[in-house]
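*Asks:* got a sequence here, can you model it:
(one chain, ligands or ions: 1)
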Amino acid sequence: MKKYNFDEIINRRGTNSVKWDEEKEDGIIPLWVADMDFAAAPAIRKAVEERAKHGVFGYALVGDSYYEAITSWFKRRHNWEIDKEWIIYTTGVIPAISAAIHALTMPGEKVLIQTPVYNCFYSCIRNQGTQVLESPLKREGDTYVVDWDNFETKCADEKTTLFLLCNPHNPAGRVWTKDELARMNDICMRHDVKVISDEIHCELIMPSYTFTPFATVSNECQQNSVICNSPTKNFNIAGLQIANIICANKEWYRRINRAINIFEVCDVNPFGPIALEAAYNESEDWVNELMDYVADNYALLKETFQKELPAYEVIKLEGTYLAWVDINASGFSADALANKLVHEGKVQVNAGTIYGDRDGEGYIRINLACPRATLEEGLRRIVKVLK
Ligand SMILES: Cc1ncc(COP(=O)(O)O)c(C=O)c1O
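*Replies:* Residues are numbered from 1 along each chain as shown. Predicted coordinates for the structure are as follows:
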């Protein structure tokens, strides 16, 4: 018996939504930026409404119950024992990553990323005066794997001091296995490379896959890493701006905590923490049901492409709600095709090139976190343009 109605269509136009209100043309179906068109879980809405009723919205602290919600969630769901002393709260995963890069590198050093990868990784690295070093993922059939020789060569570069991992990987759709993560860390440790693991998509796991927090792979991984996490992507509360850095390495914790203060991202709004608590304490069934729904949306996308556009390959989705589609058969560049889809098809997707000029060329990213009817209409428009 389903408890939640993900089919419900909620009009988001006119709410200052980045996804729905940024494109000025009328009638566009937005299947781009990574937020969902679903209402948040009832417990989250109730907690936010109750807090709103109070009417006073001064500076906020987080209490013990905040830390308990995080530690019990990760213990229960991912078998990860987090010490409260390892947690630093902040306003977002991107501010967290920027502060961690600032704290753990010197300007001019190289930060390794596995491309194609989430676009803000590039800006986070460059904004701190560090250099982007790409280790392209290798396409193998309908999935991506690590090119281990390339990864090791890049780690061995004496200027490489940090590896920024995306776990699960946006947009390649991979949920890294424990063995893969252990191997990444072995190579990093051999070359004295620290790891930041962005785990913002960690509950968005397709049925039959298992997410492994990087820090749970081994004690070495835990000591050699900084984990950036948040319920915002998983529970669709990104506008409430709350995230956590989890760092067991005491010296790195101290440095990152300092950077969070220097960057002035040490204060959160009063709604973020209570939404986090309601998510982690009371909304597990919601996120489980959500992923069944997303899995069905992904199946619909795959079937549609197989039937209507068989020359286009849909990459396997192990995690996230973001489908990565090979559009080389169209003969258009990713940018040209994304433009054509907006202007001719009235459907907005992300061009792959924002995730890497070279490694994202030939792909588009399609956001599946919307009611089925919205996706059906979006797919109809995509098929019309691509045919
Ligand atoms: C991998 C990844 N990290 C971070 C973010 C954004 O995090 P935040 O909004 O908390 O800064 C996103 C958003 O799509 C993402 O995909």
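
*Asks:* do any residues in the helix or strand bottoming out on mean pLDDT in the chain lie close to the ligand?
*Replies:* The helix or strand of the chain with the poorest confidence is helix 18-21; it has a mean of 94 (mean pLDDT, DSSP states H and E). No. Legend: contact between helix 18-21 and the ligand by Cβ under 6 Å from any ligand atom is lacking; minimum distance shown is 10.6 Å. Where C-beta positions appear, they are placed from N, C-alpha and C, glycine not excepted.

*Asks:* in that helix, what's buried?
*Replies:* 19-20 (16 or more other Cβ atoms under 10 Å).

*Asks:* over to stretch 303-311?
*Replies:* Taking 16+ other Cβ under 10 Å as the neighbour-count basis, stretch 303-311 is seen to contain the buried residues 304-305, 309.

*Asks:* could you do stretch 252-270 as well?
*Replies:* Along stretch 252-270, the positions that meet the burial threshold by neighbour count (16+ other Cβ under 10 Å) are 252-253, 255-257, 259-260, 263, 265-266, 268, 270.

*Asks:* rewinding a little: which of the buried residues of stretch 303-311 sits closest to Asp37?
*Replies:* When the buried residues of stretch 303-311 are compared for distance to Asp37 (Cβ to Cβ), Thr304 wins out at 18.7 Å.

*Asks:* quick one: that closest one and Arg381 touch, right?
*Replies:* No. Here Thr304 lies out of contact with Arg381, judged by Cβ atoms under 8 Å, at a distance of 11.4 Å.

*Asks:* spell out which residues of the chain are next to the ligand.
*Replies:* Where the chain comes near the ligand, counting by Cβ under 6 Å from any ligand atom, the residues are 34, 92-94, 118, 166, 170, 198, 200, 230, 232, 238, 243.

*Asks:* which among the residues you listed count as buried?
*Replies:* Judged by neighbour count, with 16+ other Cβ under 10 Å as the criterion, the buried members of the residues of the chain next to the ligand are 34, 92-94, 118, 166, 170, 198, 200, 230, 232, 238, 243.

*Asks:* among the buried residues of stretch 252-270, which are in helices?
*Replies:* Secondary structure assignment (DSSP state H) places 252-253, 255-257, 259-260 from those within helices.

*Asks:* show me which pair in the residues of the chain next to the ligand is furthest apart.
*Replies:* Farthest apart among the residues of the chain next to the ligand by Cβ to Cβ are Cys166 and Ala238. That separation is 16.6 Å.

*Asks:* ends of stretch 26-37, how far apart?
*Replies:* End-to-end distance of stretch 26-37 (Cα to Cα, to the nearest Å): 18 Å.

*Asks:* can you pull out the strands in the stretch 101-250 of the chain?
*Replies:* 110-115, 131-136, 138-140, 143-145, 160-166, 194-198, 225-229, 243-246 (DSSP state E, counting those that start in this stretch).

*Asks:* out of those strands, which is the most enclosed?
*Replies:* When neighbours are counted by mean count of other Cβ atoms under 10 Å, the highest per-stretch mean among those falls to strand 225-229, a mean of 28.

*Asks:* which other helices and strands contact that one?
*Replies:* Packing partners of strand 225-229 (3 or more Cβ pairs under 8 Å, 6 or more residues apart in numbering; DSSP states H and E): helix 93-104, strand 194-198, strand 243-246.

*Asks:* now these as TSV including mean pLDDT?
*Replies:* Written out in TSV, the entries for the helices and strands packed on strand 225-229 read as follows (pLDDT from 0 to 100):
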stretch	mean pLDDT
helix 93-104	98
strand 194-198	98
strand 243-246	98
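
*Asks:* now the ones you listed in TSV, with distance to Lys46?
*Replies:* TSV is the format used below for these (distance: least, Cβ to Cβ, whole Å):
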stretch	distance to Lys46
helix 93-104	25
strand 194-198	30
strand 243-246	22
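
*Asks:* so for Arg365, which of the ones you listed sits nearest?
*Replies:* Arg365 lies closest, by Cβ to Cβ, to one member of those: strand 194-198, at 16.6 Å.

*Asks:* would you confirm that Ala329 contacts Tyr312?
*Replies:* Yes. Counting by Cβ under 8 Å, Ala329 sits close enough to Tyr312 to count as a contact (5.3 Å).
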